[in-house]
Every structure is written in structure tokens, then in C-alpha cells.
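Visitor: Sequence first, then the predicted structure:
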Amino acid sequence: MRTLGVLLRKELNATFTSPIAYTVGGVFLLVIGYTFSLTLFFTKVANLTYIFHQMYVLLVLLVPVLTMRTFAEERKTDTLELLLTAPVREIAIVLAKFFATLTLVLALLAVSSVYAVILGHYGQPDWGPIYGGYLALVLLAFLLIAVGMFASALTENQVVAAALSLGAFLMLWFADSASYLLPAPLDLVFVNLSLIGHFTTFVSGSLFLSDAGYYLTVALLGLFLTTRVIADR
Amino acid sequence: MTLDVLPGEVLGLLGPNGSGKTTLLRMLTGYLTPTSGRLLVAGHDTVREAMEARRRIGYVPEAVPLYSNMRVREFLTFMARLRGVSAGRLRRALEDVSERVAVTDVMDARIGTLSRGYRQRVALAQALVHGPDVVVLDEPTNGLDPRQIIETRNLIRKLGGDCTFIISSHILGEMEKVAHRVAILLRGELLAICRMAETPDLEALFLSLT
């Protein structure tokens, strides 16, 4: 636990002093602010469903930029050898990077919650879908960061890592499209692999354990595979 | 190969490129897992008691990896805490090591702005900061200018005795100047171990063996 704290502090410093974090954060908040204002003025309806889908798309596109450097940079600069020869377990290195990136994404989501506050102040939104939407975004962040880190652990080239994770996210997003071509019960497998399918139920205000289980399972699988890749040398 | 290194000794690993020096050092430090055989560091198996063994080692890889964005103090603090130096002992450990390797004047500088010689010293400082029993240096004078090479050698001589040094090099003169004993490696095999005090002509011996 103590070494995890030491590693986490180092990763948080690296994350929050990086221009990448502020660029990604700026883009995220600018696009969300723009969309929120337009949607509100056009529809005059106090709900955030459209914004949540917008944030979903932005996270799919921006998380690869945040995770690409996690391991690829350490490999490129050989600092991974320093970490892996220190008395720390591989899982602590992986978790420290995971929680540091997650902290940044949670900070962005926290800032974006100002729009929910605005809706609450001037209107009477249905809070169920809003809570569900934020829970879905947090679970989505778990999955995206874990899979993105796995891609970063596979290479020392950051651009390759970003392309790999973006490709994986898009394939997961559209996984359910393949179900139309597949016979039962294989079609159900692809329907249940879909990133957006599990997201939509949350945003509509329905909470199913299976949807949360999907995000957590894939996230844990991503963290496990990342640890295996780092340990296998 | 079977090889014992004594406490306080400076052991040189000498061999041409590809002779297995770096692989041996990487197995010793826990970066690579041996497919057979075993290595003990201060009595601790590098695989079964990996954490205990690693706590007793300080390591500077050949590439001299450092976090360029960090300041020297921040980097040494991070490495010291990672290697188990308690918060109470940290300040004293940083003062000691920065004096020993002469980096006190750059403690607040960013590592990325330092010269190659200073970077090498900072790397050495992170390997010593937790007071290890064994210090492993892979090609410690690679890429240094003549003055920096002499300074690094003097530093190793000065620090030798406090802990065991295992140093790899493919330069004969390097070994003659710093090592108490030299192990000659070729294609992963240990060809000979010679005590420097009893080996007047290391060059002739190396040529006869390789």
C-alpha cells in the first residue's frame, strides 16, 4: 500500500503537469459547454441525455490520448526498467497509473456537473437519468482507461498505442452491428459486448447490475492483461 | 556459471558485446527471470524473495534512465521512498547521497537540463540513496567524456568498501582501474575470474581466453 501511494503521487504529478491533460481537458469542456448551451437554447428541456452521449463520444476519442503515454513513454525512455527493478509489484505500477488517469477524467466529469446544477437551478430535471448518466460515464472511464493502458503496455510508440486503443474502443462501440449477421446465440454475445448498448440503459435512468458488471469486467480484464504484459519480460 | 561476490568488493564483468553481461545483471536485479539456476542477493533469492532481494540492490541500467521532467530532489525522493526509505530518514538520506556523489548544487534543477556527467551522478545517487548492500552498474562510463570517466571511476573507488559493486564493461582499462576482481564472460559463459592484484597483464589474459 505504501509503495502504491508513492507511485500514485508520482503519476498524479506527471499527469497534472502534462500539457496533454490541459489540452484534453480544455477540448472536452469546450465541446461540452458548446453542446449544452446549444441544446438548452434549442429544446428548452431540462435533461442531459444528449450531453451524456456527447461525453461518451468525447471520452472514446480523448481517453486514448491520455493513456497512450502511460507505459509506452516509460518503455521508450527505459524508466520502466527502474520501476520494475525496485521493490514494487507490477500491479502497484499499473494501479497507480490507472488511478492517476482516472482522477483526471473524474475531475473533468466533476467540472461538467455544473451543467446539471444549472438545470437544477432553473428547471426541474428528472435526477434519475442524470445520476445514472454520471455513473455510466465513471464506469465507462474505468473500462476505457484500463483498455487504453493495455494498448500502451504493448508498444513503446505512443501514437501506435493511441491508434490501438481507439481501434479497440470503436470495435467495442459497434460490436452489436455484427449481431444482425450472426446466428443465435452468437448474436447475443456481440450485442452484450457493445459499449453503447450498456451505456444507453444507464442514461435512460435504468440501472442494471449486468450493465455495471460489463464495464467492471472488461476494466478488470484490461488491468489484468496490462499487469501480465508488464510482468512478462 | 557459479560466481560469488564478497561484501565490499568491486567485481568487474568483462566481455565483448553480446557476451551476456547485461543479461546477467538484469537477472540479478530482477528485471529478467532466469529460466534455470538461481541468484542470491545478500542471501535472498531474486525470484522467490524478489522484494527482499531488490531492497538490497541499487541499479543503474546502461541507458541511464531518468525522468527528465522531474527535479533531482523530487526524483531522488521518489526513488528513495519506492525503495523503502522512511519519511523520517528521507532528509538525511538525500543529504548524504547528494554529498557523496556531488550533486548538491543541482538538487533543484530539472534532470532534463543536466549534462551527461551530472545525469550519470544522479543515476548513481538513486542507486545509493537507500543504502543498498549491492550496487549494480551496467557500463557506467558509456558516453562520458574523459574527465567524467575519471570522476566516475574515482567515485566508485571512493564508495567501494561501503557496499559491493558489480560493474560491467567491455573496456579493459576500465576494469584494471576500479575492480578488485574481474570475471571474463564470452557467449554467456564464465571463462575466468582473476584477482587484479595478481594479474599483471589483463589484456594478454583476455586475448588468450577470447
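Guide: That came in fine, so what should we check first? Treat the numbers as computed from the prediction; the structure is a model and nothing was measured.
Visitor: Show the contacting residues for the residue most central in space within chain B.
Guide: Geometric centre of chain B, nearest residue: residue B:137, 2.1 Å, by CA atoms, centre = their mean. Residues counted as contacts of residue B:137 (CB atoms under 8 Å, 6 or more residues apart in numbering or on different chains) are B:59, B:60, B:124, B:127, B:156, B:165, B:166, B:167, B:168. Yep, even glycine has a C-beta here, placed from its N, CA and C like the rest.
Visitor: was I right about the second one contacting residue B:141?
Guide: No. Because the distance of 11.1 Å does not satisfy CB atoms under 8 Å, residue B:60 is recorded as not touching residue B:141.
Visitor: more crowded one of the two?
Guide: residue B:60 (26 against 21; other CB atoms under 10 Å in any protein chain shown).
Visitor: hey, what's the more buried one bridged with?
Guide: For residue B:60, the beta-bridge partners under DSSP bridges are residue B:137.
Visitor: who touches whatever residue of chain A ends up closest to chain B in this structure?
Guide: In chain A, no residue comes nearer to chain B than residue A:78, which is 3.7 Å away by CB to the nearest CB. By CB under 8 Å, 6+ apart, the residues touching residue A:78 are B:61, B:63, B:65.
Visitor: mind checking the end-to-end distance for stretch A:83-95?
Guide: End-to-end distance of stretch A:83-95 (CA to CA, to the nearest Å): 13 Å.
Visitor: what does it rub up against?
Guide: Against stretch A:83-95 from outside (CB under 8 Å, 6+ apart): A:3-4, A:7-8, A:74, A:149, A:223, A:226-227, A:230-231, A:233, B:29-31, B:50-52, B:54-55, B:57, B:59, B:61, B:79, B:82-84.
Visitor: the helices in chain B, which residues?
Guide: Using DSSP state H, the helices of chain B run over B:21-28, B:50-55, B:72-82, B:87-100, B:116-128, B:146-159, B:172-178, B:202-209.
Visitor: Where does pLDDT dip in the chain?
Guide: In the absence of a named chain, this looks at chain A. Scanning chain A for pLDDT under 70 picks out nothing.
Visitor: hmm, I had chain B in mind actually
Guide: Across chain B, nothing is flagged by pLDDT under 70.
Visitor: Which residues of it lie near chain A?
Guide: B:26, B:29-33, B:50-52, B:54-55, B:57, B:59, B:61, B:63, B:65-69, B:74, B:78-79, B:81-84, B:126 (CB under 8 Å from any CB of the partner chain).
Visitor: about what we covered before: can you say which of the helices of chain B is nearest to residue A:113?
Guide: helix B:72-82 (32.7 Å; CB to CB).
Visitor: For the closest one, list the C-alpha coordinates in CSV.
Guide: The C-alpha trace of helix B:72-82 is given here as CSV (Å, rounded to 0.1, in the frame of the first residue of the first chain):
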residue,chain,number,x,y,z
VAL,B,72,16.7,16.0,-9.0
ARG,B,73,15.4,16.3,-5.4
GLU,B,74,11.9,15.1,-6.5
PHE,B,75,13.4,12.1,-8.4
LEU,B,76,15.7,11.0,-5.5
THR,B,77,12.8,11.4,-3.1
PHE,B,78,10.6,9.2,-5.3
MET,B,79,13.3,6.5,-5.7
ALA,B,80,14.2,6.6,-2.0
ARG,B,81,10.5,6.2,-0.9
LEU,B,82,10.0,3.5,-3.5
